[in-house]
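Novice: here you go, sequence then predicted model.
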Amino acid sequence: MSDLTNTPFSLLELSPMKEHETVSQTLANSVTYAQTADRLGFNRFWMAEHHNMRGIVCAATSVLIGHIAGKTQNIRVGAGGVMLPNHPPLVVAEQFGTLESLYPGRIDLGLGRAPGSDPITSRALRRDEQRAEHFNDEVTELQGLLGPYKGDSPVRAIPGEDTNVPIWLLGSSLYSAQLAAKKGLPYAFAGHFAPRFVEDAIALYRREFQPSEVLDKPYVMLGLPVVAADTDEQARFLSTTAKQRILALMRGKPLWLKEPVKSMDGLWTAQEKMQVENFLGLSVVGDQASVKHKLSMIKQTLQVDEFIFTNDLYDLSDRQHALEILADIMNIQSNE
């Protein structure tokens, strides 16, 4: 069985909100959560761009990245990701060039081509519905804006130019995997919500990867939902918060964090149960030994270079304790 030695652990944050909590308190909790991850030695802390979703308050992604970076010391902070069709590449280059200038060597820029919202909200963002079709060209444009000036463009990202902020391509389909391979960029697969194509996408990326100036061999980061607790039973109990949230998503309801329940029976139909469980098909739920075993098996099967976890638990203390359990796994592996 594959071990986890030298496999970095990272976190993907959506700033999950309770129904009766203020935005200020929710964001303060995200800061505390990031500081815990920083102290425990996690590699990255990424914020995901979402819009018009009650229960998720990370719409102003670049603003939050700057705030989190300013409140932490060592952890890399970035976007997981910026939905590029929502933004002109020049604006993204200026924002992330500024962040890199403020926090040198600690900023990542993950890019996706989904809207991060519903169609009506996409139009409110003045998003051209055809822009996603030009994702390849816009990634290339953004790379040029963040790279050294070559003297052939009247438009320059200042700041941004020659900051060379690391760009990742994010995705849940074969398209993103193929494009990341073609451009020689690191690839992050969204297994935390779209496990269906994970094997095919990672295999395609590795098979078609072309070395580039930024990466000489493939690098895969896999997003996974994790619920780590002191016992398997407690982890299963805490996992009902995420299940209720996905159920709300499927029903078009607000995505408030809800307290865990002893049983989901009566809360969903048989069909909804199947849909939620498929959505969370790559969930890693259990105590320290169970989580370590499951992660080792996933790494062996998929040849993952790094894990990035969602950790949607109701209480901040439970979220922090989950990080302590994951950190123990990292430390055990590094000492073996």
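Specialist: The structure has been received and is ready for your questions. These numbers were taken from a predicted model, which means no experiment stands behind them. Numbers count the residues shown, from 1 in each chain.

Novice: wait, Ile68 sits on Val77?
Specialist: Yes. Ile68 lies in contact with Val77 (C-beta atoms under 8 Å); the separation is 5.1 Å. From N, CA and C alone the C-beta is placed, and that goes for glycine too.

Novice: any shared contact partners between those two?
Specialist: The overlap between the contact sets of Ile68 and Val77 (C-beta atoms under 8 Å, 6 or more residues apart in numbering) consists of 34, 45, 47.

Novice: now the helix or strand encompassing Arg123: mean pLDDT?
Specialist: Element membership of Arg123, judged by DSSP states H and E, is helix 119-124. For helix 119-124, mean pLDDT rounds to 77.

Novice: kindly report the same for stretch 328-335.
Specialist: 78.

Novice: then stretch 152-172?
Specialist: 95.

Novice: do I have it right that Gly144 meets Asp152?
Specialist: No. Applying C-beta under 8 Å as the test, Gly144 and Asp152 come out as separate, 9.3 Å apart.

Novice: about what we covered before: of the shared contacts of Ile68 and Val77, which belong to strands?
Specialist: 45, 47 (DSSP state E).

Novice: may I ask which of the shared contacts of Ile68 and Val77 has the most neighbours?
Specialist: Counting neighbours by other C-beta atoms under 10 Å, Met47 comes out on top of the shared contacts of Ile68 and Val77 with 29 neighbours.

Novice: is that one in contact with Gly66, as I believe?
Specialist: No. Counting by C-beta under 8 Å, Met47 stays clear of Gly66, with 10.3 Å between them.

Novice: would you convert the shared contacts of Ile68 and Val77 into a markdown table that also reports distance to Leu204 and pLDDT?
Specialist: A markdown table is the format used below for the shared contacts of Ile68 and Val77 (distance: C-beta to C-beta, whole Å; pLDDT from 0 to 100):
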| residue | distance to Leu204 | pLDDT |
| --- | --- | --- |
| Ala34 | 33 | 98 |
| Phe45 | 28 | 98 |
| Met47 | 27 | 97 |
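
Novice: got the shared contacts of Ile68 and Val77 as TSV, with distance to Leu238 columns?
Specialist: Output for the shared contacts of Ile68 and Val77, formatted as TSV (distance: C-beta to C-beta, whole Å):
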residue	distance to Leu238
Ala34	20
Phe45	21
Met47	23
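
Novice: okay, and for this protein, where does confidence drop off?
Specialist: By pLDDT under 70, the low-scoring segments of the chain are 1-2, 115-117, 126-129, 333-336.

Novice: swap in 50 and give it another go.
Specialist: Residues of the chain meeting the criterion pLDDT under 50: 1.

Novice: what ranges do the strands span in it?
Specialist: 9-13, 44-47, 76-83, 107-112, 167-171, 187-189, 220-228, 284-286, 306-310.

Novice: name the residues that touch the fourth one?
Specialist: Under the contact criterion C-beta under 8 Å, 6+ apart, strand 107-112 has outside partners 44, 46, 49, 65, 69, 76-84, 92, 96, 99-100, 139, 142, 146, 165-171, 176, 188.
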